[in-house]
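*Asks:* starting from these lines, generate the structure:
(one chain, ligands or ions: 1)
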Amino acid sequence: MSTAVVHYTAAAVTDRGRKRPSNEDAFGFSVENGIFLVADGMGGAAAGEVASSLAVDEVLTRMSNRASAMEPEIAAEQAILAANQTIYSRAQQNVKLSGMGTTLVALLAMDRNVWVLNIGDSRGYRLREGHLQQLTLDHSLVEEQMRLGRMTAEEAARSPLKNVITRALGTQSQVSPDIFALDVEPGDLFLLCSDGLTRELTDSQIELLLGADLPLEDLCARLVAAAKKAGGRDNITCLLVRAALDADVRQ
Ligand code: CA
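*Replies:* A predicted model of the protein is given here:
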């Protein structure tokens, strides 16, 4: 009798883009611990970089050392809340870091159990059989107005408020991530990305670029190159995670 375990491979690329002087995005992952992260920092001077790096490092460390008895999505939520506290208190202590914050999108993947958690407007997507589906909801003012039917997509695209995000890590003492439990099929490809990708490319352009039969690193590089060609106005980060069957033959 054979049982098939789903295993994961990952690759990521981050790029400053063509306009910004520095890169305030961060990513990190541990295939062994099934945790994959993209963060997009904000704040004056180098504060955005500090916030996004703190978020990624803290969640990665906590998820790598988590108690095995704990439900993984609960452990991930607690790790995110701890990262919020770390960034928030660092900003309180250092005036140069005051007001810093970051988005965070996390994929948690263990065999057939997958969750996406997010705060802010960095996104998670799943490509299945060539079809791209957005998994997260942006915590941004214009997206929330659109979901309430108070704003059209055209109005949102033109709005001077389109950079306003309604939830971020580190800017307040309390925060609550969205948590989505997902099913997984072998062959699924998950994309975590910052808005430097999704502001430059439409979902159908991303879908088309991800359809090529290439190694994950090359797919990441393709997405980044296309976003830069389309303007590259912001930092761009893409992290791809592929689910595949590992034939585990047992007697
Ligand atoms: Ca950004």
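*Asks:* for the helix or strand where Ala157 lies, name the packing helices and strands.
*Replies:* Ala157 is located in helix 153-158, with elements delineated by DSSP states H and E. Here helix 153-158 touches helix 141-147, going by 3 or more Cβ pairs under 8 Å, 6 or more residues apart in numbering; DSSP states H and E. Using the backbone N, CA and C atoms, a C-beta is placed for each residue, glycine as well.
*Asks:* what about 6 Å?
*Replies:* Under the contact criterion of 3 or more Cβ pairs under 6 Å, 6 or more residues apart in numbering; DSSP states H and E, helix 153-158 touches no helix or strand at all.
*Asks:* buried residues in that helix, which are they?
*Replies:* Neighbour-count burial for helix 153-158 flags Ala156 (criterion: 16 or more other Cβ atoms under 10 Å).
*Asks:* same deal with stretch 81-98?
*Replies:* Buried residues in stretch 81-98 (16+ other Cβ under 10 Å): Ala83, Asn84, Thr86, Ile87, Tyr88, Arg90, Ala91, Leu97.
*Asks:* out of those, list just those in strands.
*Replies:* Judged by DSSP state E, strands contain none of the buried residues of stretch 81-98.
*Asks:* looking at the residues you listed, which is nearest Val116?
*Replies:* Distances from Val116 to those, taken as Cβ to Cβ, are shortest for Ala83 (16.4 Å).
*Asks:* check which helix or strand the closest residue to the ion within the stretch 1-150 of the chain maps to.
*Replies:* Closest residue of the stretch 1-150 of the chain to the ion, Cβ to the ion: Asp40 (4.3 Å). Assigned by DSSP H and E, Asp40 belongs to strand 35-42.
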